[in-house]
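Undergrad: coords below, sequence missing:
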Ligand SMILES: [Zn+2]
Ligand SMILES: [Zn+2]
């Protein structure tokens, strides 16, 4: 029995929606599902193997449903780790070692899942910024017209990892195999097209799911915005400010090994967090110069320092006081006290031979070992890279050396919490996007720009659509 004068009658709630019945309380947002299917757009489609696998195609958008969102791309970054898939390079350059017995191996270039993915027509790309054009009926997080970041890492908010504060490990991230993807468009010949990682940034439209989308409220220019929202910058800033890995402390010493866009973002994060000494390490001269420009206090060339690199960082980290009883770092004794309080490792394996100065180890293993060893006892190391091979460390340093290691998927960033914070850093002039976005291209210049990325002749290439 419903009272006739009830402010929110049951029937009214059912027929008009709770929000309307309650007098406009935005509990259930009325979402426009503007008809977008059949729309033509251009996208870079990757299929097959080897160079030439990625071509610019005219595509026809399919209808969306459920939690899907269509975003008109403003800008997207060309991530180094996506280069093998785009350019048809060996994946990865040196091949990962086989998984130890008892462990499930990641998809390898010869695995059935990998081969099936390489036969599918996929739009690559690790995210981007843009404007929401259409939303499925179940979407709550954004509305048509919103400016959004399509994040490189999803955040569902309800999986085991998200519930425990590790949104960077959201289990939706693992749902990107051939059986998980859904066709979003068709090629002229009717071939279904999928969005890699449910993102597909290398196109004029991104069709993604709510879990990947973060609304951002800013008038920042699209290239600057994409730089700070890129997978690499979010990971770099996350390393220093994610709250779930290792927050950089005031007046601390931070070493950043590798000054690509991720490392250069970590340097900026360390500066903003108030680190007093920031040691940037990279073989490429222009990247060391850029590191100084965005916040490093010292730079080191690993090719010049060679095996002394770790010792050099310990020296730079020692500070003015080395006296045991006066609060000094006391670099003597079994484990010593010198080293960086925080280390961010961001090198990884080369996927192609660099045209600028190559580092001392193309597999990325030596810089990783050095990064671990240059961390002070009691310090934190965040690793972010994709190296190739096995790691060898002095076991006693690993077991009781006091270093805390954080495996920093996305730098530990929580997309919905952290990306708006990082955009705030851009809007307030604390994060320098312009110095990091060194190549800007329209959509048809994407392949040339990616060539610069893998040759390391640019720091970050950004495609505008
Ligand atoms: Zn990426
Ligand atoms: Zn989740």
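TA: Sure, I can see it. Not measured: the values here are computed from a predicted model. Ligands and ions are numbered 1, 2, ... in the order given.
Undergrad: I'd like to know the beta-bridge partner residues of residue 380.
TA: Counting by DSSP bridges, residue 380 forms beta bridges with residue 342, residue 404.
Undergrad: Please verify my assumption that it contacts residue 402.
TA: No: using C-beta atoms under 8 Å, residue 380 and residue 402 do not qualify as a contacting pair, with a distance of 10.2 Å. In this view, the C-beta of every residue, glycine as well, is placed from N, C-alpha and C.
Undergrad: What helix or strand is residue 85 located in?
TA: Assigned by DSSP states H and E, residue 85 belongs to helix 83-87.
Undergrad: do residue 60 as well
TA: Using DSSP H and E, the element containing residue 60 is strand 54-61.
Undergrad: And the next helix or strand after that strand, what does it pack against?
TA: Reading on from strand 54-61 to the C-terminus, the next helix or strand found by DSSP H and E is strand 68-77. Applying 3 or more C-beta pairs under 8 Å, 6 or more residues apart in numbering; DSSP states H and E, we find strand 68-77 packed against strand 128-135, strand 147-150, strand 205-209, helix 222-229, strand 460-464.
Undergrad: Can you name the residues that contact the nearest residue to residue 337 once chain neighbours are set aside?
TA: Nearest-residue entry for residue 337: residue 329, 3.8 Å, with adjacent residues in sequence omitted and distances by C-beta to C-beta, 6 or more residues apart in numbering. Going by C-beta atoms under 8 Å, 6 or more residues apart in numbering, residue 329 touches 317-319, 321-322, 336-338, 376.
Undergrad: Next one: residue 50 from ligand 1, what distance?
TA: Separation of residue 50 from ligand 1 (C-beta to the ion, to the nearest Å): 22 Å.
Undergrad: Residue 328: neighbour count?
TA: Residue 328: 15 surrounding residues under other C-beta atoms under 10 Å.
Undergrad: right, and residue 78 touches residue 461 too?
TA: Yes: Residue 78 is in contact with residue 461 according to C-beta under 8 Å; the separation is 4.3 Å.
Undergrad: out of the two, which sits in the more crowded spot?
TA: Counted by other C-beta under 10 Å, residue 78 and residue 461 do not tie: residue 78 has more neighbours, with 28 against 25.
Undergrad: coming back round to it: of all the contacts of residue 329, the one with the weakest confidence?
TA: Lowest pLDDT within the contacts of residue 329 is found at residue 336 (67).
Undergrad: Now residue 317: closest residue in space that isn't a chain neighbour?
TA: In this structure, residue 317 finds its nearest non-sequential neighbour in residue 253, 4.5 Å apart by C-beta to C-beta, 6+ apart.
Undergrad: no no, residue 419
TA: Distance criterion C-beta to C-beta, 6+ apart; nearest residue to residue 419, sequence neighbours excluded, is residue 214 at 4.6 Å.
Undergrad: Could you tell me whether the one you found really is in a strand?
TA: Yes: under DSSP: H, G, I helix; E, B strand; the rest coil, residue 214 falls within a strand.
Undergrad: What number of residues are in the vicinity of it?
TA: 23.
Undergrad: so what's residue 301 up against?
TA: Residues near residue 301 by C-beta under 8 Å, 6+ apart: 281-283, 285, 288.
Undergrad: May I have the phi/psi pair for it?
TA: Backbone torsions for residue 301, taken as degrees, to the nearest 10, come to phi -100, psi 110.
Undergrad: and the gap between it and residue 260?
TA: Noted for residue 301: a distance of 15 Å to residue 260, by C-beta to C-beta, to the nearest Å.
Undergrad: And residue 440, by the same measure?
TA: To residue 260, residue 440 is 17 Å away according to C-beta to C-beta.
Undergrad: The residue of the stretch 351-465 of the chain found nearest ligand 1: neighbouring residues, count only.
TA: Nearest residue of the stretch 351-465 of the chain to ligand 1 (C-beta to the ion) works out as residue 410 at 9.2 Å. By other C-beta under 10 Å, the residues close to residue 410 number 26.
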